[in-house]
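Asker: Give me a model of this one.
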Amino acid sequence: MSHIKIIYGTTGGNTELVCQFVAEKLKDKHAVTLERCELTDPKKVTDCDFLILASPTYGHGVLEMHFAQFFPKIQDVDLGGKPCAVITLGDPKYDMDYFLESGKILTEFLETHGGRVALDSLKIAKTPLPYLSKSVMMWVQKLCEILKGNKK
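Answerer: Numbers count the residues shown, from 1 in each chain. Reported below is the predicted structural model:
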């Protein structure tokens, strides 16, 4: 059983909804910790077997405000090859060129801090509700396959 930590930022609740859905689907086979970024101890970010960072994108390609405040607190983290993934949400009505930019920002952070991005980001445009049963579920299934391969 792997310990998965999901750290997310949310303002409108869509990212929280997706993260709760992912956690619920994983919890039967894995230990899952679901944490809002503003309540996360930056020193405990790596206390897991698999790390997922999640943030929507606001404005012209910026992280959600709570995640943007949390981000500087984890700049010294060393992920030491830890497998990781990213969940990103956005709405093209705000900026078609950058509406999923948080995914790029978080992926770059993981890679430059020694994380091993184990699967493609879960990307959701607009409201997540229509995507939960299909796209999100398929992403969770891919994650489960990866976690099966990571068993010690």
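Asker: thought residue 140 was touching residue 24?
Answerer: No. Counting by CB atoms under 8 Å, residue 140 stays clear of residue 24, with 9.4 Å between them. Bear in mind the C-beta positions are built from the backbone N, C-alpha and C, glycine included.
Asker: The strand or helix carrying residue 4 pairs with which strands, parallel or anti?
Answerer: Using DSSP states H and E, the element containing residue 4 is strand 3-8. Strands adjacent to strand 3-8 in the sheet, as given by DSSP bridges, are strand 31-36 (parallel), strand 50-58 (parallel).
Asker: between residue 140 and residue 24, who's got more neighbours?
Answerer: Using other CB atoms under 10 Å, the more surrounded residue of residue 140 and residue 24 is residue 140, with 18 against 12.
Asker: any idea how far the more buried one is from residue 40?
Answerer: Using CB to CB, to the nearest Å, residue 140 is found at 22 Å from residue 40.
Asker: same thing with residue 18?
Answerer: Following CB to CB, the distance that separates residue 18 from residue 40 is 17 Å.
Asker: before we move on, what about residue 1?
Answerer: Counting by CB to CB, the gap from residue 1 to residue 40 is 22 Å.
Asker: the more surrounded of the two?
Answerer: Neighbours were counted for residue 1 and for residue 40 using other CB under 10 Å; residue 40 has more, 19 against 9.
Asker: Next, the distance between the ends of stretch 119-127.
Answerer: 22 Å (CA to CA, to the nearest Å).
Asker: now do stretch 87-98
Answerer: Span of stretch 87-98 from end to end, CA to CA: 15 Å.
Asker: Provide a list of residues in contact with residue 36.
Answerer: The neighbours of residue 36, taking CB atoms under 8 Å, 6 or more residues apart in numbering as the test, are 7-10, 16, 66.
Asker: shaky segments in the chain?
Answerer: 150-152 (pLDDT under 70).
Asker: do that again at 50, thanks
Answerer: 151-152 (pLDDT under 50).
Asker: The helix or strand where residue 106 lies versus strand 3-8: what angle between them?
Answerer: Using DSSP H and E, residue 106 maps to helix 101-112. Here the directions of helix 101-112 and strand 3-8 differ by 140 degrees (axes from the mean of the first three to the mean of the last three CA atoms, to 10 degrees).
Asker: CA atoms only: put the strand holding residue 4 into PDB for me.
Answerer: The C-alpha coordinates for strand 3-8 follow below in PDB (Å, rounded to 0.1, in the frame of the first residue of the first chain):
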ATOM      1  CA  HIS A   3       1.000   6.600   0.800                       C
ATOM      2  CA  ILE A   4      -0.200   9.300  -1.600                       C
ATOM      3  CA  LYS A   5      -0.200  12.900  -0.600                       C
ATOM      4  CA  ILE A   6      -2.400  15.400  -2.600                       C
ATOM      5  CA  ILE A   7      -1.600  19.000  -1.900                       C
ATOM      6  CA  TYR A   8      -4.000  21.400  -3.600                       C
END
